[in-house]
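**Q** A predicted structure for the sequence below; I have some questions about it.
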Amino acid sequence: MARTVRDELLAALDDLNEDNFERFCGKIRDWEIERGYRKIPRRMLEKAKTGDVVDQILSHYTNSYGPELTVDVLDAINQKDVALDLKKALEKVKGFTWRKKPEEEPPSTSEDSPSSAPKTQVVHFVDKHRKALIANCALVDPILDGLFSEDLLTQEQYDAIRAEKYSQEKMRKLYEYIKGWPVSGKQTLYNILKEENGPLIKNLEQS
């Protein structure tokens, strides 16, 4: 029977001893994930079996980014032989090809663009549409559940927001915490909003 991407990822993680498997789970949870993807919630990795972790990798990062990420994390925890064996095994999987990594914008070398020139700061969607999101997100609890599962809210913050009576008050409370988040956290919120309030997000994007 033909081997699949899942088969090869599972074989690689099964090659790790218990300590290295725990290191792998900790490292992939803290890895700087590419924009557009969500981190695997910590609770999904705690006490998880190798098969469970592979399923989480593929469901969060797909058959395209997931294998590449797994190889990178194995390299990072100094399991280079396992990473190399995985790369070779994946290249034999029918239909699998390594994706082309997103290209980073090259630094400007033009003398006409001095390094002291101010950079244009892009305002994130959740900041730009703060007022509209506070006013129009009727069901806030599913949003909070998603953020909590992604470890973006502590239990204390989650409980404090849910203690508010009305949805607008809950959203205002949520924004007290959002202002301290990095772009990746705001992007995760955007993804959850799109899932839970698709029509609203679509209208705001077109406005």
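**A** Yep, that arrived. Residues are numbered from 1 along each chain as shown.
**Q** now the residue positioned nearest the centre of the chain: which helix or strand?
**A** The residue lying closest to the centre of the chain (C-alpha atoms, centre = their mean) is residue 38, at 2.0 Å. In this assignment (DSSP states H and E), residue 38 forms part of neither any helix nor any strand.
**Q** pLDDT value on it, please?
**A** Residue 38 is assigned 78 on the pLDDT scale.
**Q** look up how far residue 150 lies from it.
**A** Noted for residue 38: a distance of 6 Å to residue 150, by C-beta to C-beta, to the nearest Å. The C-beta positions use only the backbone N, C-alpha and C, and glycine is treated the same way.
**Q** also residue 61?
**A** 14 Å.
**Q** the more surrounded of those two?
**A** In terms of neighbours (other C-beta atoms under 10 Å), residue 61 is the more surrounded of residue 61 and residue 150; the figures are 21 against 18.
**Q** list the helices and strands whatever helix or strand that one lives in packs on?
**A** Counting by DSSP H and E, the element that carries residue 61 is helix 50-76. Using 3 or more C-beta pairs under 8 Å, 6 or more residues apart in numbering; DSSP states H and E, the elements in contact with helix 50-76 are helix 5-14, helix 18-30, helix 42-45, helix 80-90.
**Q** if we can go back for a sec, now do the contacts for the residue nearest to the centre of the chain.
**A** Residue 38 makes contact with 60, 150, 188, 191, according to C-beta atoms under 8 Å, 6 or more residues apart in numbering.
**Q** what is the least confident helix or strand in the protein?
**A** The weakest-scoring helix or strand in the chain, judged by mean pLDDT, DSSP states H and E, is helix 42-45 (a mean of 83).
**Q** render the CA-only coordinates of that helix in PDB, please.
**A** In PDB, the C-alpha atoms belonging to helix 42-45 read as follows (Å, rounded to 0.1, in the frame of the first residue of the first chain):
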ATOM      1  CA  ARG A  42      -1.400  23.900  24.000                       C
ATOM      2  CA  ARG A  43      -4.100  21.700  25.400                       C
ATOM      3  CA  MET A  44      -4.100  19.700  22.100                       C
ATOM      4  CA  LEU A  45      -0.500  18.800  22.600                       C
END
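**Q** just how off-centre is that helix within its chain?
**A** Centroid separation for helix 42-45 versus its chain: 13 Å, with C-alpha atoms, centre = their mean, to the nearest Å.
**Q** who does it touch, helix- and strand-wise?
**A** Here helix 42-45 touches helix 18-30, helix 50-76, going by 3+ C-beta pairs under 8 Å, 6+ apart.
**Q** most tightly surrounded among the ones you listed?
**A** Comparing those on average neighbours per residue, with mean count of other C-beta atoms under 10 Å, the densest one is helix 50-76 at a mean of 18.
**Q** before we move on, the earlier item: residue 70 is nearest to which of the helices and strands packed on helix 50-76?
**A** Residue 70 sits nearest to helix 5-14 of all the helices and strands packed on helix 50-76, at 5.7 Å, using C-beta to C-beta.
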